[in-house]
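Asks: just coords:
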């Protein structure tokens, strides 16, 4: 009986030891299971995962910290990093995923891209050191060949803030915003998290195009205004010269009339009147150009307001502080 008890204790010890080893090796998986055992994602969160075609692993990394959509004020309280730049989401390590609930319908898809981006931060945190090093090298190779100035500016901003976070950000930005990674090994890696990575990229392109078109419209109107302003200034300069010539001719004709040199006076009247008529027509043309220019200014200002409205709709930064008077 004592022998049986000793064997039982040994077996229990082995089971406990094996369970401990399993927990150490699969600690994240066990914790994820525990955190998710009774979690039911809200419909809007589940839709974000579905729309971005997250795999089972992607959904686990997304759901495990119970992501939430937040209004601007609440979002500012939850995501306090990088306040000098516009932030649409953040992953607070081992705590939560927070997504700014952008309401502008023109920017449909921006929440999906943010959700995918933040999920990938969780994934990056879970990588082993060797796997992280491998993926970092692959992503850096893609970035070095990238000619997308918007993304390069974004990465440079991260590098200026903290060079150590660049690799993590590339891990989230490249798969969600670059259509062609041109690397089968990298595509295979990201396929762990998305059934169709390009669905996420399409969302990114969709809302990015709204900003691009709005900005290009302002630039186009600025170009038209510059051209019209040059035309107005040239015509105004010509009219100033004509006005001076007409005044000089008027003075000459008046002198002829006062000198009773009516033959010479009459010979110059018709030409003078024709020039006056031409001048007045040019004045009308100038007035029309000025009217068109002012209308174009209004259109340009409205385009700027529209563009700034788009920017404001995603700007989560707190208002700038105002220094008190001395």
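Replies: Sure thing, it's come through. Since we're looking at a predicted model, the values are computed, not measured.
Asks: now do the helix or strand encompassing residue 174: which elements does it pack against?
Replies: If you go by DSSP states H and E, residue 174 is part of helix 166-177. If you count contacts as 3 or more CB pairs under 8 Å, 6 or more residues apart in numbering; DSSP states H and E, helix 166-177 packs onto helix 110-126, helix 129-144, helix 149-161, helix 197-258. For every residue, glycine as well, the C-beta is placed using N, CA and C.
Asks: by how many degrees do that helix and helix 110-126 diverge?
Replies: In terms of direction (axes from the mean of the first three to the mean of the last three CA atoms, to 10 degrees), helix 166-177 departs from helix 110-126 by 140 degrees.
Asks: tell me the mean pLDDT for helix 166-177?
Replies: If you average the pLDDT over helix 166-177, you get 97.
Asks: what's the first helix or strand after that helix?
Replies: helix 184-190.
Asks: quick one: buried residues of that following helix?
Replies: Across helix 184-190, burial judged by 16 or more other CB atoms under 10 Å covers 186, 189-190.
Asks: again with stretch 35-42
Replies: 36, 41.
Asks: element containing the residue of the chain most remote from its centre?
Replies: What lies farthest from the middle of the chain is residue 260; by CA atoms, centre = their mean that is 77.2 Å. For residue 260, there is no enclosing helix or strand under DSSP H and E.
Asks: give me the element residue 91 is part of.
Replies: Residue 91 belongs to strand 89-92, assigned by DSSP H and E.
Asks: list the buried ones in stretch 207-214?
Replies: 207-208, 210-211, 214.
Asks: show me what that stretch is in contact with.
Replies: 106-110, 113, 150, 177, 303, 306-307, 310-311 (CB atoms under 8 Å, 6 or more residues apart in numbering).
Asks: hang on, the earlier thing: of the buried residues of helix 184-190, closest to residue 46?
Replies: residue 190 (21.3 Å; CB to CB).
Asks: the strand holding residue 91 - contacts with which helices or strands?
Replies: strand 96-100, helix 110-126.
Asks: and the shortest one, what does it pack against?
Replies: When contacts are defined as 3+ CB pairs under 8 Å, 6+ apart, strand 96-100 packs onto strand 68-70, helix 72-78, strand 89-92, helix 110-126.
Asks: buried residues in the last one?
Replies: Residues 110-124 are the ones in helix 110-126 that count as buried (16+ other CB under 10 Å).
Asks: need the pLDDT of the residue farthest from the centre of the chain.
Replies: 89.
Asks: list phi and psi for it.
Replies: phi 60, psi 30 (degrees, to the nearest 10).
Asks: begin at 59 from here
Replies: From this message on, residue numbering opens at 59, which makes the last subject residue 318.
Asks: run through the stretch 259-384 of the chain and note the low-pLDDT ranges.
Replies: By pLDDT under 70, the weakly predicted segments of the stretch 259-384 of the chain are 375-384.
Asks: phi first, then psi, for residue 204.
Replies: Residue torsions, per degrees, to the nearest 10, at residue 204 are phi -80, psi 130.
Asks: in this structure it contacts residue 214, no?
Replies: No - Residue 204 lies out of contact with residue 214 (CB atoms under 8 Å); the separation is 12.0 Å.
Asks: those two: which is more packed in?
Replies: When neighbours are counted by other CB atoms under 10 Å, residue 204 and residue 214 differ, and residue 204 comes out ahead with 18 against 11.
Asks: and that one, what does it touch?
Replies: Each residue near residue 204 by CB under 8 Å, 6+ apart is listed here: 210, 236.
Asks: one step back: tell me the most buried of the helices and strands packed on helix 224-235?
Replies: Highest mean neighbour count among these (mean count of other CB atoms under 10 Å): helix 168-184, with a mean of 24.
Asks: could you dump the helices and strands packed on helix 224-235 into TSV with distance to residue 333 added?
Replies: Below are the helices and strands packed on helix 224-235 laid out as TSV (distance: least, CB to CB, whole Å):
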stretch	distance to residue 333
helix 168-184	62
helix 187-202	66
helix 207-219	54
helix 255-316	6
